[in-house]
Structure formats: structure tokens, C-alpha cells
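Student: dropping a prediction and its sequence here:
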Amino acid sequence: MARVFTGRVVIPGDKINEYFEALQKAEAARAPFRESLEQLNQEFGEYLATKYVRKTVRKHTGIVDLFIHFICGYTDAEQLEDITKGMVNSHFRSWYKRKVMDSARESDLRVALRKFFQFLAAEKAMTYQKVLDALK
């Protein structure tokens, strides 16, 4: 099961270069997953543009973009099936409150992610029921 990384890490000064190398390798390994999520978000934006005004589309795709950043940078999920309801709910919300300064409410986050996963289910035939159930 995928985990969310929390807490602090202490890296000795003589090991900092090894840490940066490991970080680069991890980012390179996760690049295809990130790119596929970003492509899905772009398609999600095009789908929303047929129904909503541009401001709403930007709001939802922006939240999903930050969710992608959270999933790829703060969890060890390597595919969409690895995303748990805790990641999509409490972990993402608390991360969002700590890292992002905007006027989005928790309900805005939930609605944007619910619409994204509903889009995946309806348009891409990629159903993640445990995530959809968590976003009700």
C-alpha cells in the first residue's frame, strides 16, 4: 500500500550530495507517472471547457495540478490505483492548507477532485471507486 511521507529528515552534511543524487533518480523514475497525470489533467480541462466558464476550468485544473504535485512529491504512489482515500482527503487537505495560500475551501478541493475522478470514470473508463466514495 502506498504511503504519505510526513515529518522531517535529517541529512548529515557529508551525505548531502548522495541525497540530491537519490532525489534526482527518484524524480526521473516517477516522471512517466507525473506526465501521464498531467496529460489526464489537460484532457480534463478540455472536457470542462465544454461545460463551464474559463475561471471554473482554471480553478478545478489548478487544484488537480496541485494534487498531482502532492501525489508525485509526497507519496510513494506509482499508479492511480495506489491512491488511497486518506491521500485524497485528509492528507491532501492538510498539505494544501500548509503549502498553498489561496481562498479555496475544503469543499472546493473535494469538488475538483471528485469531478476529476468522475471524468476518469466516464470518459476514460478508469474507475477508482474507493477514491470516489471518499469524495462524497
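Tutor: Structure received.
Student: distance of Leu40 from Met101?
Tutor: In this view, Leu40 and Met101 are 26 Å apart by Cβ to Cβ, to the nearest Å. C-beta here means a position set from N, CA and C on the backbone, and glycine is covered the same way.
Student: now the one helix or strand in the chain whose mean pLDDT sits lowest - C-alpha only, CSV.
Tutor: Across the helices and strands of the chain, mean pLDDT, DSSP states H and E gives its lowest value to helix 129-134, namely a mean of 82. Backbone C-alpha positions of helix 129-134 (Å, rounded to 0.1, in the frame of the first residue of the first chain) are rendered in CSV as follows:
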residue,chain,number,x,y,z
GLN,A,129,-14.4,3.6,-6.6
LYS,A,130,-12.6,3.9,-3.3
VAL,A,131,-11.5,7.4,-4.2
LEU,A,132,-14.9,8.4,-5.5
ASP,A,133,-16.5,7.1,-2.3
ALA,A,134,-14.1,9.1,-0.2
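Student: which positions within the longest helix that the chain contains qualify as buried?
Tutor: When the chain is parsed with DSSP state H, its longest helix is helix 16-49. Buried positions in helix 16-49, judged by neighbour count with 16 or more other Cβ atoms under 10 Å: 30, 33, 37, 40-41, 44-45, 47-48.
Student: dump the residues you listed into CSV; add distance to Arg93 and pLDDT as well.
Tutor: As requested, the buried residues of helix 16-49 are exported to CSV (distance: Cβ to Cβ, whole Å; pLDDT from 0 to 100):
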residue, distance to Arg93, pLDDT
Arg30, 22, 86
Phe33, 22, 91
Leu37, 19, 93
Leu40, 21, 94
Asn41, 19, 95
Phe44, 20, 95
Gly45, 22, 95
Tyr47, 24, 95
Leu48, 22, 94
